[in-house]
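Below is the sequence, then the predicted model.
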Amino acid sequence: MSAHPDLDAMARRVIDRNLYMTLATLDPDGAPRLSPVYYTPARYSDLYWVSSPDAHHSRNLLERPDVRIVIFDSSVAVGHAEAVYLSARAREVAEDEFDAVLGEAFAERGGSRRFAPEELHGDADLRLYVASATSCDVLIRGGHPEHGTGIDRREPADPTAA
């Protein structure tokens with residue numbers, strides 16, 4: 001059990017309620033590359049998305065698979081933000097893994113469509129990617145009723161804890 005189950009629950013809530021994440025990869029010169037992508041979570045540890053293998057972020061993660069991810073709802077009122085910050089290892093999902101992961105990668109959420117395997121390999125324009133979380137923090141607002149200190153900060157959370 002986590003030291004703060006309410007923070008674990010916050011992480012799960014943010015991951016469940018949002019459809020887009022900001023994916024940060026590194027360019028060859030070390031500059032960050034930020035890309036908003038639609039995602040599907042699985043087990044609160046893996047985040048799937050579909051992208052072109054020619055997309056800048058896709059090329060980056062082939063050489064530098066360590067990524068950072070932020071998930072947050074930008075529509076909430078000032079002072080009510082919740083956010084999840086993930087460190088992860090990202091990769092293209094291999095064709096021989098499709099049978100095992102397509103169900104979770106294309107779970108129904110937010111009106112997304114299920115891609116067929118033939119749309120994600122070979123000469124197809126798209127690929128399936130997954131980021132597997134290695135750590136998770138949540139945003140603690142300065143005014144948080146239990147954990148607030150007056151200053152916004154990050155605290156570790158484990159969304160996989162139940």
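Happy to help now that I have it.

tell me the mean pLDDT for the longest strand anywhere in the chain?
Secondary structure assigned by DSSP state E gives strand 127-140 as the longest strand of the chain. Average pLDDT, strand 127-140: 97.

Same check on stretch 16-24?
96.

what separates Ser87 from Val70, distance-wise?
Ser87 is 11 Å from Val70, where distance means C-beta to C-beta, to the nearest Å. All C-beta atoms are positioned from the backbone trio N, CA, C, and that covers glycine.

who touches the helix ranked longest in the chain?
For the chain, the longest helix by residue count, based on DSSP state H, is helix 5-17. Residues outside helix 5-17 that contact it (C-beta atoms under 8 Å, 6 or more residues apart in numbering) are 2, 41, 44, 71-73, 82-84, 136, 138, 140, 146-147, 155-159, 161.

Show me what secondary structure element comes after that helix.
Next in sequence after helix 5-17, counting helices and strands by DSSP states H and E, comes strand 20-26.

Buried ones in that next one, by neighbour count?
Residues 21, 23-26 are the ones in strand 20-26 that count as buried (16 or more other C-beta atoms under 10 Å).

Now distance to Asp66 too, for those, in JSON lines please.
Formatted as JSON lines, the buried residues of strand 20-26 follow (distance: C-beta to C-beta, whole Å):
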{"residue": "Met21", "distance to Asp66": "16"}
{"residue": "Leu23", "distance to Asp66": "12"}
{"residue": "Ala24", "distance to Asp66": "10"}
{"residue": "Thr25", "distance to Asp66": "9"}
{"residue": "Leu26", "distance to Asp66": "8"}
